[in-house]
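>>> Could you look at this predicted model? Sequence included:
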Amino acid sequence: MQKTRSLNEFLKNKASVMGLIIILLLVMTAALADYISPYDTDKVVLKEKLKPPSWQHPMGTDQLGRDVLSRIIYGTRTTFELSMLVVLFTSAFGVFIGIIAGYYRGIVDEILMRLIDVLLAFPSIILALVIIGAIGPGVFNTVLAISLVGWLFYARVARASTLSIREKEYVEGARAMGCSDAYICFFYVLPNCLPPIIVLMTLNLGSVILSIASLGYLGLGAQPPIPEWGTMLNDGKEYLRDCPWLSVFPGLMIMISVLAFNFIGDGLRDAIDPRQLVIK
Amino acid sequence: MSLLSVEHLESQFVTEDGIVKAVDDVSFEIANNETLGLVGESGCGKTVLALSILRLLSENTKTRGIIRYRGRDLLQLSEDDLMAIRGREIAQIFQNPLSSLNPVLTVGFQISEPFMLHQGLKRKAARIKAVEMLERVRIPLPEERAREYPHEFSGGMRQRAMIAMGLACKPSLIIADEPTRGLDVTIQAQVVELMKELIKESCASMLIITHDLSLAAELCDKIAVMYSGEILEYAGIQDFFRKPAHPYSKCFLESLPARGMKPIRGISPSLIDPPPGCRFCPRCDHAREECKHVHPDLMKVKEGQYARCHIYA
Amino acid sequence: MFFNFVKRLGIFCLVLIISTTLVFFMLHSLPGEKAVVMAKYIFLGSVELNPSNEEIQLVKDKFDLDRSLISQYISWAGAALHGDLGRSYKSNDPVSQEILIRLPATITLAFVSVLMSLFIGIPLGILAAVKQNSITDYICSSTAVLGISMPNFWLALLLMLVFSLKLNLTPTIGYGGLSHLILPAVTLGTASSAVIMRLTRSSMLEVMRQDYIRAARGKGLSRKSIFITHALRNALIPVITIIGLEFGHLLGGTVIIETIFAWPGIGRLLIDSISARDIPVIQGCVLFITLMYMLLNFAIDAVYPLIDPRIGGN
Amino acid sequence: MTKIRTTPIKSMLLIATIIACMLFSGCMAALGSSDQKLVVGEVWTMGSADPAMHNYELNNFLVAEGLTSISPDFKIVPCLADSWETVGSDSWRFHLNKNVEFHDGSKLTADDVVSSLERTMKMNPSVTGQLNIKKISKADDYTIDITTNTSDASLPARMAYGRASIYKINENSDGTISTPICTGPFKFVSYDKASDTLELAKNEKYRGGAPKLDSVTIRFGIGDANARQMAIESGEVDFTTEPPLGSTKSLQSNSNLNVTIHPLCQGYKLKFGDISKAPYDDVSVRRAIAYSVDRKSIADDILLGRGKASDGNALTPGLAWRNNDLKGYSYDTKKAKDLLSEAGWKDTDGDGILDKDGKPFKITLYTWPQRPALPSIAQAVQSQFKEIGIDADVRIMEWDAISDRADEWGMISVAGGDACMMIPDPSYYLEGQFLSSNDDYHYKNAKVDELILKARSTFDEDKRNDLYKQVQKIVYDEDCAQIPIAFHYLCVVTKKDVKGYVPNPAHHDYCISSGIYRE
């Protein structure tokens, strides 16, 4: 009942449905990149450099004569893989910490939450920059740097949910039946704190994509020739005036995918009880 | 000539699951200087009724019927005209004073607002009036209290402040929604005392909405029993307590602590899809076959007492 | 109230200690020898040249680099407590001086961006809430999502293209009069405006559902007075809270924006120092950015009771 | 109805409008320029105005001068010194120009030269190393004797080095100099560190005649190429360099601008991570790699006119000591494959990647982002390597992080900006790159060491140049110790009315000329 109502509520929101469709399309693009991309992404054909969009190259070619459309398509894969990785990693870790803090409360909770307060009081992109500056650029390092602060929000939300869930009768019941704490956390607490976490994950995907692109733009993200939107923008900004297609298309793709995740996230938040979400 | 007459009032709002008829064909009158008690269980539509009189319901609520106040139909008035009536002619004392008082404004300011608004007083003059009002509702140190915020008041004082706010402009009609809700017994008694005195002083008519029959007994001249959006019985206070006409009224009275605290079996019907016949029928010990199918009208039991029951057909 | 203050002060110090420690050890365990990097800047002036062994040894002696990390940290922290953050490898100037001369630029930019986001975000949020579900609301809300989704470096490039080059309205780069502020501030403020607009809208709608709004209507107040006297202040409470967080985002954003617009602020100093591995300056920047962020949040905590009497009344 | 309060929304809007108006009026005032005034938009940052600590800025912007200087045709010419001669095998005597005045009006004497060089060397050991000076002393008021550590024919050239400038010692209490007093055509007015802006004014009494410009403003730190392009297009600066690679054409078509491209003594090349280790210890492998790089395509399609394909010698054409007879390596993938297969690198498992002893030919190309063409070149080289069966990764990171990896197997760095003329003498570049004791890349050749050391103490110019030519023959043709790819050309963009700029390829990056004026 509650679920179908939420689903209906979600489907009634036109923007969210549009966002969902866009994301599905992008995910399909990423999955089928090998089949749909017209050219090899890192095939350098210097003679074909900087060609404006045409039928042959719908998004033109870049400074090394590579097809921008193909790179955008593979860039979808890079971006989605990375951002999903970050979000899965951070949400898993954050929820784990959050549930532990919320379930055991007391000194554990106090220490963890103070730690989170401390880390949150630190502009995250700056920390990511310093980390990347220290360990060098690269795909894995990007994921690491963004994840290092990303889990904080999940931990907060999971803790808040856990605090209320652990007082529920069914948890008391389970405890009375002699279930272990781990069992209760996994089978009772976790499923019940998932809805706000899922909303947070969707909204977070958008901002993670932005962070990845920002690092790429600063030349601290994925390394060429790996096609990544932010890195492509960074490459293309040298040619902004005369070959704007090099920067316009990757920028648009970043914007569209972030927009889509935000629409979905907003829709989900409205559909699931909004009061469960802590303001970011 | 009655001060307020409500005729065939209906209030509905649309939700996910269907149309909720919170108030369904309700009619009653309040004469000058008369106090009417509107009683019923929680969720029977009392508050919606109270709010629909001054059109304070949210915009998605549809209200039909006639609410005649001194000959003018409130439902037909423009928002501007109505604004001049709210707070000046008809004042409402809201339930739950903690949430009905603005947390970021001082109590004094909130009480002085009607004075600035309806009597055109300047801020300082209005402030003095507000302090007077606080004094009238027996709040100690009113000068200082006026400068405080609602969260600094105790529950009983907040209720007094609400009352002061309602009485500020000497309205002709006061609608008091659950004025004693959430207060402990001694405070309740104080508030009731206070209201009694104020009614006497101000000569205002009053509509008191409550689920507390003892409160109604203390304050009211007449009583209307509401159930599932409808008025089931309408009677003078004496008649009602001595000889309630409707089976529901009887059960309601019997559920009072003083009369044995006998619970009413079953639950109130849904406001979306009420039973086709008498709405109390599923819970009624006297139900007949007819009750299941035919919706009864409000019928005269005797002079000044009406009941919506087939028994009196 | 007092307890709360002490607690916050404790957290404040903790953040500073943890962040500086973290950054110190992270930077000092960099691959590559620090002395080489320092020697390049101090003696050669270019990263593209390699220093000689004597120069490297000289640097090691001068900066005590042969000692253990912990003792280096202790002496750094000790000096930092006295306001001495060391000297930049690159310019040989005191780090605090390097930062202080750039501080006004960053503060101006961040402050104007915050102001801009408030002046745009709050009125639009109110407008959208007042006209809930109308076309105005729809446009405002969609624009806000767009504003949040737009990568700010991309927006910067587009704005530069349009306003500086096509329309020639604003200067593109550098730090000077107010006119130089427009584009960077707009770029930085866009996302914050959007966040604040959305928050104002939802908080306004939430407030308008409250009982005290109904009570105010019952008193006969006009819609307008209700909005202004009763709803606005309540609706702004969560907005005030978010300003602190947004300021943090802005400080992060300045890093990119300052680079694009050649804005001589701390963000650019940080990026330059990261490229140059100018460790004392990186450390100093991190310290200052954290400090600024926390001071602002402190200030917000201080004004909080003014707008919400329920907090720290007494 | 009584108004309860003034509306905050209205006042907010009002304030917003006022701010907007202020901003726009401010920006209108910012546009507009005066007559003989030049605003330069500069790539790098200045950082410090102290002549002992600065890099080349005071020299490049004609504030500070050295004893000698370098002419556009790479000749060492008199500057503060009129003439010089050797006195013994390790000693030089410089005769000062007696008419030189500092910007504060005082005369330049031998004391100033001695004290400023000594101060610079004391504060900056790298300058000591580069100048190779053992002792500097005053012979009389206008004569200076300099003793070098070893017999050194290059000293006059070293005195033209940008960091060997002569200045007045006017130290602050903490021993730094913040308002340098020098001798050049422009006077130092102020340096604002916050905005990284240097202000200069014309030196009316300059001995060679006052420059035409009244003032020069240099705005440092516009590192973003797009920002520089937009700044010149919108008229905020009058003179800038290195706009984005892709922008040359549109800038040239802009009728308000003047775009010129000049050769520089800088170039792009491939360097081997550790030439003493496999697979690069095998000269056939190095040659194969040299054959696999399509230099012409890189120069034409990536540098887009801002460079020229190398002929096999990294030194700039036109230098007297350059060996123009190297045979170089053409672009020949077949030859490359043959050489590799002779060396034992064959594709035995059919995956398109060569292997030897079960180890695939997998290497990493490192380069850094500050010079915009480098990442593109690295990716082009990567794809050209792929054609001959070498699997290369590209890593773009900071230079320091790269040099830390110098020992790693399989590293090649794509280098750019190596200036072969920082000091206008062959010894500077060839010693730094190929002398075994100096080289980071573990290149060792006893013959080369011998030739280089011999050349240093050879005072006959022709003989000396001949020795250096032999070195080039060995390192480039025979040993293939480095693979030059292309020469880097400098793009200068000025407003149309900026006239009289004479490029000087001998300078690092660029140097403004005193003949610049506004029409």
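That came in fine, so what should we check first?

>>> send the alpha carbons of stretch A:205-213 over as CSV?
The C-alpha coordinates for stretch A:205-213 follow below in CSV (Å, rounded to 0.1, in the frame of the first residue of the first chain):
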residue,chain,number,x,y,z
LEU,A,205,24.9,10.8,-7.6
GLY,A,206,24.3,14.2,-9.2
SER,A,207,26.8,16.0,-6.9
VAL,A,208,29.4,13.2,-7.3
ILE,A,209,29.2,13.5,-11.0
LEU,A,210,29.9,17.3,-10.6
SER,A,211,32.8,16.6,-8.3
ILE,A,212,34.3,14.1,-10.7
ALA,A,213,33.9,16.5,-13.5
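
>>> Please report the distance of C:D84 from B:F109.
From C:D84 over to B:F109 the distance is 53 Å, taken as CB to CB, to the nearest Å. C-beta: built from backbone N, CA, C; applies to glycine.

>>> what does A:D40 give?
Taking CB to CB, one finds A:D40 at 72 Å from B:F109.

>>> Between these two, which has more neighbouring residues?
B:F109 (19 against 14; other CB atoms under 10 Å in any protein chain shown).

>>> Doesn't that one belong to a strand?
No. Counting by DSSP: H, G, I helix; E, B strand; the rest coil, B:F109 is not found in a strand; it is helix.

>>> D:K193 against C:A105, yeah?
No. In this structure, D:K193 is not within contact of C:A105 by CB atoms under 8 Å, at 11.5 Å.

>>> Pull the number of nearby residues for the closest residue to B:R68 other than its chain neighbours.
What sits nearest to B:R68 in space, not counting adjacent residues and going by CB to CB, 6 or more residues apart in numbering or on different chains, is B:S5, at 4.7 Å. Per other CB under 10 Å, the neighbour tally for B:S5 reads 17.

>>> how would you label B:S5: helix, strand or coil?
strand.

>>> and what of the one 4 residues further on?
The local conformation at B:L9, judged by three-state DSSP, is strand.

>>> Kindly report the same for D:A392.
D:A392 - assigned by three-state DSSP - is strand.

>>> That one and D:L365 touch, don't they?
Yes. Contact criterion CB under 8 Å: D:A392 and D:L365 qualify, at 5.1 Å.

>>> what does the stretch 201-350 of chain D have sitting close to chain B?
Within the stretch 201-350 of chain D, no position is adjacent to chain B by CB under 8 Å from any CB of the partner chain.

>>> Equivalent analysis for chain C, please.
C:209-212, C:214-223, C:229-230, C:233-234, C:237, C:307-310, C:313.

>>> measure C:D278 to chain D for me?
10 Å (CB to the nearest CB, to the nearest Å).

>>> Could you do B:V185 as well?
With CB to the nearest CB as the criterion, B:V185 and chain D are 39 Å apart.

>>> how does chain C divide up, domain by domain?
C:2-88, C:102-306 (automatic domain parsing).

>>> Now, of the residues of chain C next to chain B, which are buried?
C:210-212, C:214-222, C:229-230, C:233-234, C:237, C:308-309 (16 or more other CB atoms under 10 Å in any protein chain shown).

>>> Quick check: closest non-adjacent residue to A:S247.
In space, A:S247 is closest to A:G236, 4.0 Å off (CB to CB, 6+ apart).

>>> number of nearby residues for D:V502?
Counted with other CB under 10 Å, D:V502 comes out at 12.

>>> got the contact list for it?
Neighbour list for D:V502: D:P72, D:S513, D:G515 [criterion: CB atoms under 8 Å, 6 or more residues apart in numbering or on different chains].
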